[in-house]
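> here is my input; please provide its structure:
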Amino acid sequence: MDYGLISFGSALGEPAPVADIVREYTEDVERVLEYGYRNIHRSPEAVGLTDLAEEAARAALAESGTDPGELDLVVLAITDIAEYLYWDPAAALQARLGAHRAEAVLVSQGCVGGITSFDLLAGRFATHPDYRRALVVGVNRTCEVYWNRMETHSLLFSDGAGAAVAGRGHPRLRPRAAEVISDGRYADLFLLEEGGAAAPFLGGKRPGTARDAWDLMEFFDYDADRFEAFVDLMNDRVREVVARACGRVGASVSDLSRVVLLNDNIGTLTKVADRLGVPLDRTNAAISMERGHFGAADHLLDLQHHLASGDLGEGDLVALAGMGRGMHWGCTLIEV
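Take a look at the predicted model:
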């Protein structure tokens, strides 16, 4: 993978202490507080997914001194539904930035999209020798009409975007290997039944929320043993995909300086770290508890934070790993 990351940018919603706002979202306060999150970030209603992506992108471009007209490729990874249907937010971002000569690509694999985007960049650099500079953005903007950011899932969702400018031949922050495992048996696990072509919204009818459609126990026929087996599978496949990526470069998990996972709840992060054989303080657990989960933006935002905090040094090998709906498990190794 003959490219490296030159600069970063971020755009976050307003921080809000979880303990102060939890009752706005759920009556199950104790369960949510046990996740361990101290804050989440929320954007005003007028701020959309593409607004956050543009702000983060402009910050990354400015840090590297890159004019948008120099970009050959713009990749946008999203978690939630974009502002409009029949509309490409990646192309809209390209136009808003003024990157009119760049190819625009949309990645919609949920929370894993920020990881798989690095391999997409590698492929484009490999097949387009004239591509010199690219922009990758991961973004989440919670659509609260459809789902509850504190009750739908066991992660607390934040609004924000992370961006990075990548350059061919750049000597630092170079992706070294990538791995993905996909398992379509769980494609219906995160399914919103209304609103698609199979069941369009009808005029004047308020759409249903994702709480009922995403009832994980319903998917497993309310069989606790089947659900627990799936949870175990999810965590083990994170271990497997990290080990596979390390094997591609002749390394082992113990060689990793840091493992950046999804900004998950503290219980899940502890279990995954244990499965990997990595101390919790060598993961992103502290950032996760402080900021909440940004979906496809987690890994770009966390990598930027670890670099700025001095947690990483030249030559360190970092794993960006996680999972997303589909289901997909992904890992990209970055050499600092």
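
> quick check: the gap between residue 50 and residue 324.
According to C-beta to C-beta, to the nearest Å, residue 50 and residue 324 sit 20 Å apart. All C-beta spots, glycine's among them, are computed from the backbone N, C-alpha and C.

> hang on, I meant residue 74
Taking C-beta to C-beta, one finds residue 74 at 20 Å from residue 324.

> likewise residue 94?
Taking C-beta to C-beta, one finds residue 94 at 23 Å from residue 324.

> got the contact list for the helix or strand where residue 179 lies?
Following DSSP states H and E, the helix or strand that holds residue 179 is strand 174-182. Strand 174-182 is contacted from outside by 1, 3-5, 112, 115-116, 118-119, 121-122, 237, 240-242, 244-246, 248-249, 317, 326-335, using C-beta atoms under 8 Å, 6 or more residues apart in numbering.

> so which of those belong to strands?
Taking DSSP state E, the ones among these that sit in strands are 3, 4, 5, 317, 328, 329, 330, 331, 332, 333, 334, 335.

> make CSV from those and add neighbour count to it.
Below are those laid out as CSV (neighbours: other C-beta atoms under 10 Å):
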residue, neighbour count
3, 23
4, 19
5, 26
317, 18
328, 23
329, 27
330, 30
331, 30
332, 27
333, 25
334, 25
335, 20
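
> quick one: average pLDDT of the strand holding residue 179?
For strand 174-182, mean pLDDT is 96.

> verify the stated contact: residue 121 with residue 73.
Yes. Here residue 121 reaches residue 73: they are 7.0 Å apart, a contact under C-beta atoms under 8 Å.

> out of these two, which sits in the more crowded spot?
Under the neighbour definition other C-beta atoms under 10 Å, residue 121 and residue 73 were set side by side, and residue 121 has more, 25 against 22.

> that one and residue 163, how far apart?
Distance, residue 121 to residue 163, using C-beta to C-beta: 13 Å.

> anything in contact with each of these two?
Residues touching both residue 121 and residue 163 (C-beta under 8 Å, 6+ apart) are residue 136.

> low-scoring stretches of the stretch 151-300 of the chain, by residue?
203-215 (pLDDT under 70).

> quick one: the spatially closest residue to residue 189 that is not a sequence neighbour from residue 268, how far?
Sequence neighbours aside, residue 219 is the residue nearest to residue 189 in space, at 5.4 Å (criterion: C-beta to C-beta, 6 or more residues apart in numbering). With distances taken as C-beta to C-beta, residue 219 is found 18 Å from residue 268.

> now swap in residue 41 and tell me
Distance from residue 41 to residue 268, by C-beta to C-beta: 20 Å.

> need the phi and psi values for the residue nearest to residue 189.
Torsion angles at residue 219 (phi, psi; degrees, to the nearest 10) stand at phi -60, psi -30.

> ok, it touching residue 185?
No. Counting by C-beta under 8 Å, residue 219 does not reach residue 185; the two are 10.6 Å apart.

> ok, those two, which is more surrounded?
Shown here are residue 219 and residue 185; by other C-beta under 10 Å, residue 219 has more neighbours (17 against 9).

> next one: the more buried one from residue 279, what distance?
33 Å.

> with residue 38 instead?
Taking C-beta to C-beta, one finds residue 38 at 21 Å from residue 279.

> now residue 86
Residue 86 is 47 Å from residue 279, by C-beta to C-beta.

> SS state for the residue nearest the centre of the chain?
For the chain, the residue nearest the mean C-alpha position is residue 296 (1.8 Å; C-alpha atoms, centre = their mean). Using DSSP: H, G, I helix; E, B strand; the rest coil, the structure places residue 296 in helix.

> ranges for the helices of the stretch 101-250 of the chain?
Shown for the stretch 101-250 of the chain, the helices assigned by DSSP state H, counting those that start in this stretch span residues 113-127, 210-213, 216-219, 224-248.

> residue 144: which of the ones you listed is closest?
Closest of these to residue 144 is helix 210-213, at 10.1 Å (criterion: C-beta to C-beta).

> what's the span of stretch 258-265 from first residue to last?
End-to-end span of stretch 258-265 (C-alpha to C-alpha, to the nearest Å): 18 Å.

> hmm, I was thinking of stretch 15-29
19 Å.

> surely residue 38 touches residue 17?
Yes. Using C-beta under 8 Å, residue 38 makes contact with residue 17 at a distance of 6.6 Å.

> neighbour count for these two, which is higher?
For residue 38 versus residue 17, neighbours defined as other C-beta under 10 Å are more numerous around residue 38 (15 against 11).

> and that one, backbone torsions?
Per degrees, to the nearest 10, the backbone of residue 38 is at phi -90, psi -40.

> enumerate every residue touching it.
Residues in contact with residue 38, defined by C-beta under 8 Å, 6+ apart, are 17, 18, 19, 289, 290.

> from residue 312, how far off is the nearest residue to residue 140 once chain neighbours are set aside?
Of all residues not flanking residue 140 in the chain, residue 295 sits nearest, at 3.3 Å (C-beta to C-beta, 6+ apart). From residue 295 across to residue 312, the span is 23 Å (C-beta to C-beta).

> nothing else from me, thank you.
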